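Peer 1: Sequence first, predicted model second:
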Amino acid sequence: KTSKMQYYNNPMWPGEAHSLKVEKILYQGKSPYQEILVFESSTYGNVLVLDGIVQLTDKDECAYQEMVTHLPLCSIPSPKNVLVVGGGDGGVLREIARHDSVETIDICEIDQLVIDVCKEFFPNLSIGYKDPRVRLHVGDAVDFLRNSPEGKYDAIIVDSSDPIGPAQALVEKPFFQTIARALKSGGVLCNLAESMWLHTHLIQDMLAICRQTFKGAVHYAWTSVPTYPSGVIGFLLCAKEGRPVNFLTPVNPIEKIQGATKAGKELRFYNSEVCAMSFVALAAFPFQRLRP
Ligand SMILES: NCCCN[C@H]1CC[C@H](N)CC1
């Protein structure tokens, strides 16, 4: 349905494309920000596509939503105030809801149509909006964070699309500085950080910015998502100074967190072993060997 040429010409992954067999087109539309497509695939359940880029599928979304949420939230003793940037599908909200210590969940998503479409076609993700702690803000996260009070959040999760559309500003230094200001002392950020096979230069640049901006700790973790280009996606875990943090061996292991099933579904991917495995020694593969 989307021309193959558009796939091959995507500057984020030139020369490669990934295809899924389409059983039925469920929704096609255009918001002020992006084209939105939902289709039923033969083998991955429903699939959400924004501007020709797969955002999530029923089958493998757990690998992304659980990791992007529990890597930060399990690394600090008792997260209370959490902010999600992007995440309009609601999957991250579903995962945050497993943490009983959390008291408020702010989400800032720029595209109302993505929210409406996911509420209709992805009930297992949009269930996240049902949690009473959730407060939805529809608008630009750059403005939202600029107007946020200083030191408000224990954790900020940036669950954005790729930095070639509405999410472009979310990998630039000013944005990271507004995040650091909005975090409490010792607060943590988990930011989408693309593929270590495809985006080593972008990751290096983001690492440099994060090391300047967050004096606590900066680590790179990855997970396996078969429907994302190169089959992996990475995260930057950053801690603001002020409290010891250990991302690799969580102080708040998920197994101890009550309400693991409160979100309506057992965890399907994340556990403490997967957490430990997901961190890459930055000096090793693939940042050194893969640089073209
Ligand atoms: N909340 C759904 C995940 C959105 N994250 C992005 C989807 C597109 C990918 N190329 C990068 C991650």
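Peer 2: Received it, and whenever you're ready, just let me know what you need. Because the structure is a prediction, the values reported are computed rather than measured. Residues are numbered from 1 along each chain as shown.
Peer 1: going forward, measure contacts between C-alpha atoms and count neighbours the same way
Peer 2: Fine.
Peer 1: check contacts around Cys190.
Peer 2: The contact partners of Cys190, by Cα atoms under 8 Å, 6 or more residues apart in numbering, come to Val68, Thr69, Leu71, Pro72, Ala155, Ile156, Ile157, Val158, Phe235, Leu236, Leu237, Cys238.
Peer 1: Please identify which pair of those residues lies farthest apart.
Peer 2: Ala155 and Phe235 (14.1 Å; Cα to Cα).
Peer 1: who has more neighbours, the two?
Peer 2: The neighbour count for Ala155 versus Phe235, taken as other Cα atoms under 10 Å, is higher for Ala155 (29 against 26).
Peer 1: Let me see the contact set for the more buried one.
Peer 2: Contact analysis of Ala155 by Cα under 8 Å, 6+ apart lists Pro72, Leu73, Pro79, Asn81, Val82, Leu83, Leu183, Gly187, Val188, Leu189, Cys190.
Peer 1: The first one touches Val245, doesn't it?
Peer 2: No: applying Cα atoms under 8 Å as the test, Pro72 and Val245 come out as separate, 9.9 Å apart.
Peer 1: Could you look up the SS state of the residue of the stretch 151-292 of the chain found nearest the ligand?
Peer 2: With Cα to the nearest ligand atom, the shortest gap between the stretch 151-292 of the chain and the ligand falls at Ser161, namely 4.2 Å. Recorded secondary structure, Ser161: coil (DSSP: H, G, I helix; E, B strand; the rest coil).
Peer 1: Give me the neighbour count for it.
Peer 2: So Ser161, with other Cα under 10 Å, has 19 neighbours.
Peer 1: quick one: pLDDT of Ala260?
Peer 2: pLDDT, Ala260: 54.
Peer 1: Ignore what I typed, I meant His137.
Peer 2: pLDDT, His137: 98.
Peer 1: helices or strands up against the helix or strand it falls within?
Peer 2: Applying DSSP states H and E as the criterion places His137 in strand 134-138. Packed against strand 134-138 by the contact rule (3 or more Cα pairs under 8 Å, 6 or more residues apart in numbering; DSSP states H and E) you find strand 104-109.
Peer 1: at 10 Å instead, please
Peer 2: strand 81-86, strand 104-109, helix 112-121 (3 or more Cα pairs under 10 Å, 6 or more residues apart in numbering; DSSP states H and E).
Peer 1: Give me every residue in the stretch 151-292 of the chain that's in contact range of the ligand.
Peer 2: Contacts of the stretch 151-292 of the chain with the ligand, taken as Cα under 6 Å from any ligand atom, map to Asp159, Ser160, Ser161, Asp162, Tyr228.
Peer 1: Turn those into JSON lines, columns for pLDDT.
Peer 2: Shown next, in JSON lines, are these (pLDDT from 0 to 100):
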{"residue": "Asp159", "pLDDT": "95"}
{"residue": "Ser160", "pLDDT": "90"}
{"residue": "Ser161", "pLDDT": "88"}
{"residue": "Asp162", "pLDDT": "89"}
{"residue": "Tyr228", "pLDDT": "95"}
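Peer 1: out of those, who has the most neighbours?
Peer 2: Busiest of those [other Cα under 10 Å] is Asp159, holding 25 neighbours.
Peer 1: Report the contact partners of Tyr228.
Peer 2: Residues in contact with Tyr228 (Cα atoms under 10 Å, 6 or more residues apart in numbering) are Ala17, His18, Ile53, Val54, Gln55, Leu56, Thr57, Asp60, Glu194, Ser195.
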